[in-house]
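>>> Output the structure for:
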Amino acid sequence: PVDPSVVFAKRVIADGDSTVEIVNGVTVVNGKPLEEPYVDPRNNVREYSRSMSRVRVPANAFFVMGDNRDDSDDSRFWGFVPRSHILGKVD
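Numbers count the residues shown, from 1 in each chain. Below you'll find the predicted structure:
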């Protein structure tokens, strides 16, 4: 995030050295479509939720996204999240 002191709960989509892209609303990690039953297609209609060029996640970093894709500030906007900024796992 822009201000690392602000805490967010986001889903880790990919870790270091993985590739991520969005093609026709489908998140693709390392060339394979990601199964995302938690994403409501009605909240996946804005252009930035439908398409994103392929990026490679650097080592010791993560690509994160919110489940409400149309209204989530996440790695599509902030970039990668360093491992040192991850506080824990939500079950």
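>>> List the buried residues in the lowest-mean-pLDDT helix or strand in the chain.
Here the helix or strand of the chain ranked lowest by mean pLDDT, DSSP states H and E is helix 47-50, holding a mean of 86. By neighbour count on 16 or more other Cβ atoms under 10 Å, the buried set for helix 47-50 is residue 49. Where you see a C-beta, it was placed from the backbone N, CA and C, and this is true even at glycine.
>>> Could you identify the helix or strand that succeeds it?
strand 52-56 (DSSP states H and E).
>>> and whichever helix or strand comes after that next one, what other elements does it pack with?
Scanning forward in sequence from strand 52-56 by DSSP H and E, the next helix or strand is strand 61-65. The contact analysis (3 or more Cβ pairs under 8 Å, 6 or more residues apart in numbering; DSSP states H and E) places strand 61-65 against strand 11-15, helix 75-78, strand 81-82.
>>> Low-confidence ranges, the protein, go.
The chain contains residues with pLDDT under 70 at 1.
>>> now the helices and strands packed on strand 61-65 in JSON lines, with mean neighbour count?
Below are the helices and strands packed on strand 61-65 laid out as JSON lines (neighbours: other Cβ atoms under 10 Å):
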{"stretch": "strand 11-15", "mean neighbour count": "18"}
{"stretch": "helix 75-78", "mean neighbour count": "17"}
{"stretch": "strand 81-82", "mean neighbour count": "16"}
